[in-house]
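*Asks:* Predicted structure and sequence below. I'll ask about it afterward.
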Amino acid sequence: MKKYVSTMVVGLAALAIAGSASADTTNVIHITGSTAFRGATMTAIGNILNPGYVCGFVGAGPLTKASYAEFRGSTIVGSLPVDIKVSWSGSVGGVQTVVQGLTVSTWLNSPSLAAGPAGASVSATYDAAAPAEITMSDSFQGSTAFTSPALTDHVVGVVPFQWVRNVGCPSTFSNVSTLLAQILLGTGQVPFSQATGTNADESTLLTVIGRDEDSGTRLCAFAESGFGIFGAPFQYQPTISGSPGTGGVVTAVAPWPANTVNGTLYPVGHSGYNSGGLVASALGTPGSFANAGTWLVSYPGISDAATAVGLGAATLNYNGFAYSATAVREGQYTFWSYEHLMYLSSLSGNALTVAQQLATRIHDVDATASGIILSTMQVGRTVEGGAVTFGSPY
């Protein structure tokens, strides 16, 4: 694993200056993977750094929902100067990136970082493509197609997911069962009556949208529903007039176009959005009875579900149970998986030290920003979608 080393070390005071144009640090660390758990991970990054660190992100923000971000400062434990760059793409894609040594071209390198924890929205200025040392994953490595070499795996939390209907979708649709999820994922559309039990809804369509092949959220939804991790789905892409969210409207839907992800071409209907945030924006866009198929449903993590709800979407029960942290902890609500921090066993030195500090911080404190603290769980499981049994193995 390549180690990135600069030739200068600057003091903490210099690192604390917002707008510094230089990433003068001995430890550049790259993290990729899960968009569903990015809030917790970026919260933890800030919390392992000394006060005075600077950070920035691309987009409207906030930082915890950004896809690309950068943190410069020094660690509280050990005073290690670091430049931590994150590029979130999806859990499965993150595992593949680390296992195969793939390079990522969206490592932020900004001259305009601002004092944390809010940071600043900055222009998209990136380093040359480089591999990642660390990845976050919503799934076990063994559940992906990228099982060798085996990565060191720290289970750091629980990430719950929710089924969500888009803005305007009638409230008579209130529950997703495993069998409804299977038929939705397999065909892409079902008569709305299958979701509501109302004869008058037979001529209206319910359409599923979702994530692409890099996504651990997608893997967990497919496993939990019994559709199958490696099942071939049929997902749709909404046509949105105006801006996604409350400023737009879904006017039509079409099968997701053929798409290439990490060098693999997938057929029409197989792929989806590359970020949970994009799913949230689509769910936050109103549909209508006038535009066929524009009642949408999807399966985001709870952070992205909350974003969609903030735009007017609504969460659904799963197998008759509403999501709550207590319902997950006690085994009643089962649409969840473990969150993992992973890296190659060859990782060493300060990069390994930072990875371990980050894993500990998420595990002990910051998992709550995107999920549930492991120590509060009363139940557990051995694989995504597997039986939930009393007693937590982690």
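*Replies:* Here it is on my side, so go on. Numbers count the residues shown, from 1 in each chain.

*Asks:* and residue 320, what pLDDT?
*Replies:* With respect to pLDDT, residue 320 has a value of 98.

*Asks:* Equivalent analysis for residue 186, please.
*Replies:* pLDDT, residue 186: 98.

*Asks:* check contacts around it.
*Replies:* Listed by C-beta atoms under 8 Å, 6 or more residues apart in numbering, the contact set of residue 186 reads 227, 231, 233-234. C-beta coordinates here come from the backbone N, C-alpha and C atoms, glycine included.

*Asks:* Can you tell me which of the residues you listed is closest to residue 220?
*Replies:* Minimum distance to residue 220 across those is 11.0 Å, recorded for residue 227 (C-beta to C-beta).

*Asks:* hmm, back to that, rank the contacts of residue 186 by pLDDT and give me only the lowest.
*Replies:* Out of the contacts of residue 186, that is residue 231, at 94.

*Asks:* State the distance spanning the first to the last residue of stretch 323-341.
*Replies:* Between the opening and closing residues of stretch 323-341 lies a distance of 25 Å (C-alpha to C-alpha, to the nearest Å).

*Asks:* Just give me how far that stretch sits from the chain centre.
*Replies:* Taking C-alpha atoms, centre = their mean, to the nearest Å, one finds stretch 323-341 lying 16 Å from the centre of the chain it belongs to.

*Asks:* got it, and stretch 278-292?
*Replies:* Between the centre of stretch 278-292 and the centre of its chain there are 21 Å (C-alpha atoms, centre = their mean).

*Asks:* what's in contact with it?
*Replies:* 164-169, 204-205, 209-211, 238, 240, 244-246, 248-252, 272-273, 294-296, 298, 300, 304-305, 307-308, 310-313.

*Asks:* Keep only those of those that are in helices.
*Replies:* 304-305, 307-308, 310 (DSSP state H).

*Asks:* Can you tell me which of those residues is nearest residue 334?
*Replies:* Closest to residue 334, out of all of the ones in helices among the contacts of stretch 278-292 and judged by C-beta to C-beta, is residue 305, at 16.1 Å.

*Asks:* Just the buried residues of the contacts of residue 186.
*Replies:* 227, 233-234 (16 or more other C-beta atoms under 10 Å).

*Asks:* What segments of the stretch 101-250 of the chain are strands?
*Replies:* 114-115, 120-121, 134-137, 151-160, 164-165, 175-176, 189-191, 205-208, 236-242, 248-255 (DSSP state E, counting those that start in this stretch).

*Asks:* Tell me which of those strands sits most buried.
*Replies:* Most buried of the strands of the stretch 101-250 of the chain by mean neighbour count (mean count of other C-beta atoms under 10 Å) is strand 134-137; its value is a mean of 30.

*Asks:* which helices and strands sit right next to that strand?
*Replies:* Packed against strand 134-137, as judged by 3 or more C-beta pairs under 8 Å, 6 or more residues apart in numbering; DSSP states H and E, are the following elements: strand 27-33, helix 91-100, strand 336-344, helix 349-364.

*Asks:* which stretch among those comes nearest residue 386?
*Replies:* Here strand 336-344 is closest among these (C-beta to C-beta), at 9.7 Å.

*Asks:* So for that closest one, what gets flagged as buried?
*Replies:* So, applying 16+ other C-beta under 10 Å, buried residues of strand 336-344: 336-344.
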